[in-house]
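In: Structure of the sequence below:
(one chain, ligands or ions: 1)
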Amino acid sequence: MRKGYFGDFGGCFVPELLMPPLMELEQAMAAILPSEAFQSELRSLLKDFAGRETPLTFCPALSQELGFELWLKREDLLHTGAHKINNTLGQALLAKHMGKSALIAETGAGQHGVAAAAAAARLGLRCTIYMGAEDVERQSANVRRIKLLGAAVRPVESGSRTLKDAINAALRAWISEQADTHYCFGTAAGPYPFPDLVREFQSVIGREARAQMLERTGALPDYAVAAVGGGSNAIGMFAPFVEDESVRLIGVEAGGTGEPGCLHSAAINFGRPGVLHGEYTMLLQDEDGQILPSGSISAGLDYPGVGPEHAFLHRSGRVKYGIAYDHEALAAFQKLCRAEGILPALESSHALAWVLEHREEFRPGSRVLVNLSGRGDKDMDIIERALGA
Ligand SMILES: *Cc1c(COP(=O)(O)O)cnc(C)c1O
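Out: So this is what the prediction gives:
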């Protein structure tokens, strides 16, 4: 494959002024990531600071009800509550080895902002988080967390004042701050080399889960399922299984309310190829190529695009991309809480919802592995409002 491309998708469509820091990052990845010094430092951060390895949890009650084995990879148990810390620790450590003294990052719901601020504090880096002004108002708890962790929050007033605009603002800021600053991108998307870099740091999910399934069941799972926002937890789960032909891989996009004309975030199912945030990928756009607003009950899935490797894995047929709607995710959330004693994030609830909605398709006794990307405490207000309505 062409460097930086996944089939036709990916690439690096950025202003000339952003090429130097992206090329510096590419070179640093090649020089620093393979070194034993970097890898052992990262291993110890992931273990002693973030809480890896995460458990693989068998769900006895749901498995009995469904007639197949349901296994959860517990990324919800990580420090800061989701898989995002795998990526921010990796990138913050890389930035430090590159001699940088500061991080910038974008955030939508605030989860990546919190994880970036925590990694920056731990590694002694200054940190600035770009966040759409609309999101600053909607996600005040995470704004407060980010500030308590010592990072600055820059509200972005342009465009729709949400994640898409925060990414544009952070990329612009990087142009003038590249000498001492690393841009810690939050998902497996954006210009090359970010999709590769984020997959590298998130693949620990799939590597661990693969070994844990083999140890516990003596076999690989028949299915591995993950929710897809930008695509980082999903590619982290899928990448170590892509060569295992017997393992069916399912990405789940957010379908919104499911009413005709509703906002949703299903860029693979309902989008078309185009360029956004420096990459060629599947996007929600109108006939003139204007990006359409996305929506979901789950703030972390609310993004009008998707990482380019997912666009490729969809086109090649290796991964199937389904949809779960808001009410299905809510039902799955409640089910997991009561049946298994786990409060999943609304994002992860979409992955679980797809499994519950398609239960008839699984052969009895199948082993189904779901990535539980995060914990649901952050979503309690939204969930109580939705269930009350
Ligand atoms: C941010 C987030 C997601 C979506 O982002 P991806 O890059 O697609 O993984 C999913 N689950 C949780 C818990 C999140 O915080």
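In: helices and strands around whichever strand or helix holds A61, which ones?
Out: A61 belongs to helix 60-66 when assigned by DSSP states H and E. Here helix 60-66 touches strand 69-74, helix 326-340, going by 3 or more CB pairs under 8 Å, 6 or more residues apart in numbering; DSSP states H and E. C-beta: built from backbone N, CA, C; applies to glycine.
In: who in the stretch 51-200 of the chain is up against the ligand?
Out: Within the stretch 51-200 of the chain, the positions near the ligand by CB under 6 Å from any ligand atom are A82, K84, Q111, T187.
In: Just the local confidence number for A389, please.
Out: Per-residue confidence (pLDDT) for A389: 67.
In: about what we covered before: of the helices and strands packed on helix 60-66, flag the one that's most buried.
Out: With neighbours defined as mean count of other CB atoms under 10 Å, the helices and strands packed on helix 60-66 peak in mean count at strand 69-74, which reaches a mean of 25.
In: show me the contacts for T217.
Out: E69, R367 (CB atoms under 8 Å, 6 or more residues apart in numbering).
In: so what pLDDT did it get?
Out: For T217, pLDDT reads 98.
In: and it, backbone torsions?
Out: phi -110, psi -10 (degrees, to the nearest 10).
In: Please tell me how far it sits from the ligand.
Out: 25 Å (CB to the nearest ligand atom, to the nearest Å).
In: Next: I297.
Out: Relative to the ligand, and taking CB to the nearest ligand atom, I297 is found at 13 Å.
In: mind listing what that residue touches?
Out: Contacts for I297 (CB under 8 Å, 6+ apart) come out as A254, G256, D326, A329, L330, L346, I382, A386.
In: For it, give me phi and psi.
Out: Residue torsions, per degrees, to the nearest 10, at I297 are phi -60, psi -20.
In: how near is it to A332?
Out: In this view, I297 and A332 are 12 Å apart by CB to CB, to the nearest Å.
In: Just the buried subset of the residues of the stretch 51-200 of the chain next to the ligand, written out for ChimeraX, thanks.
Out: Listed next is the ChimeraX selection for buried residues among these, using 16 or more other CB atoms under 10 Å:
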select :82,84,111,187
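In: ok, now which ones touch the residue nearest to the spatial centre of the chain?
Out: By CA atoms, centre = their mean, the chain has its centre lying nearest to S232, at 3.5 Å. By CB under 8 Å, 6+ apart, the contact set of S232 is H83, K84, N87, G186, T187, A188, V198, R199, Q202, G307.
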